[in-house]
Every structure is written in C-alpha cells, then in structure tokens.
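> Got a predicted structure plus its sequence, pasted below:
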Amino acid sequence: MRKGVSPIIATVLLIAITVSLAFIIFSSGKEFLTQLSPPPNCEGVVFEAGIYETADGYVLEINNQGNEDIEGFSLIIKDELKGETDLEAINFIVEKGQSISKEINFEYNILGK
C-alpha cells in the first residue's frame, strides 16, 4: 500500500498556491497598467477663482491666466457644524486668457442660510 498526502491537505495546498499566484499576477499587472497611463500635465493651467454671494445667490468668477482651456470645475463644500462634505460639479469651458462670471445654484443651503 502506498502512502500519500490526504485529499484535504492536497486541496488546501492547491488553493493556497492558486491564491498566491493570483496575488502575484494582480500585483504585477497593476504596476503595468499604471505605467500605461501617464500622469496629467498641468503646467499650462494657471487660474484665479472666487465665489461671491449676491442678493440672488452665488457667482463663480474665474480668470484663466494659463495657456490651456479649462473645462469643468468641482467644488468641495464643507459644513463644519454638521460635519458634512459634498462635491458639486460645475460644467462650462473657460478659454485661455478669458475671464468668466457664472451664477451657480446649490441644491441645499450653505452655512445654514
């Protein structure tokens, strides 16, 4: 009679080897994918922005001083009293050398107003 490894131990070893190989392949593939997409180049992007409260609401003013057009903005709105943070997307284009003012409407009250 030949003695060998029990089926349970063999199954556990096969699963451990499979998980280890999957982790190694995933780790090396992740580095490869990040090398394929270069980081964004923002050297030509220079702008000034401000939000001002008016009687009718809020106005976003942007002065694009850079060499690139700017498309879209994301505002992070924090209410420190409530401990809430929200992200508001504003979509419009500001061409290079252009200044723009745009009225923006928020879906909720800011700063308890």
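Structure's in. What do you need?
> how about the spatially most central residue of the chain, what does it touch?
Here the mean C-alpha position of the chain is nearest to the C-alpha of Ser74 (Cα atoms, centre = their mean), at a distance of 9.9 Å. Ser74 makes contacts with 87-90, as judged by Cβ atoms under 8 Å, 6 or more residues apart in numbering. For glycine as for every other residue, the C-beta is placed from the backbone atoms N, C-alpha and C.
> Just say helix, strand or coil for Ile9.
Secondary structure state of Ile9, per DSSP: H, G, I helix; E, B strand; the rest coil, is helix.
> Which neighbouring residues are in contact with it, exactly?
No contacts exist for Ile9 under Cβ under 8 Å, 6+ apart.
> Now do it against Leu21, distance only.
19 Å (Cβ to Cβ, to the nearest Å).
> Got phi/psi on the closest residue to Val46 other than its chain neighbours?
Spatial nearest neighbour of Val46, excluding adjacent residues (Cβ to Cβ, 6 or more residues apart in numbering): Gly66 at 3.8 Å. Phi and psi for Gly66, reported as degrees, to the nearest 10, are phi -90, psi -170.
> Equivalent analysis for Glu80, please.
According to degrees, to the nearest 10, Glu80 has phi -70, psi -30.
> I'd like to know how many residues surround it.
When neighbours are counted by other Cβ atoms under 10 Å, Glu80 registers 8.
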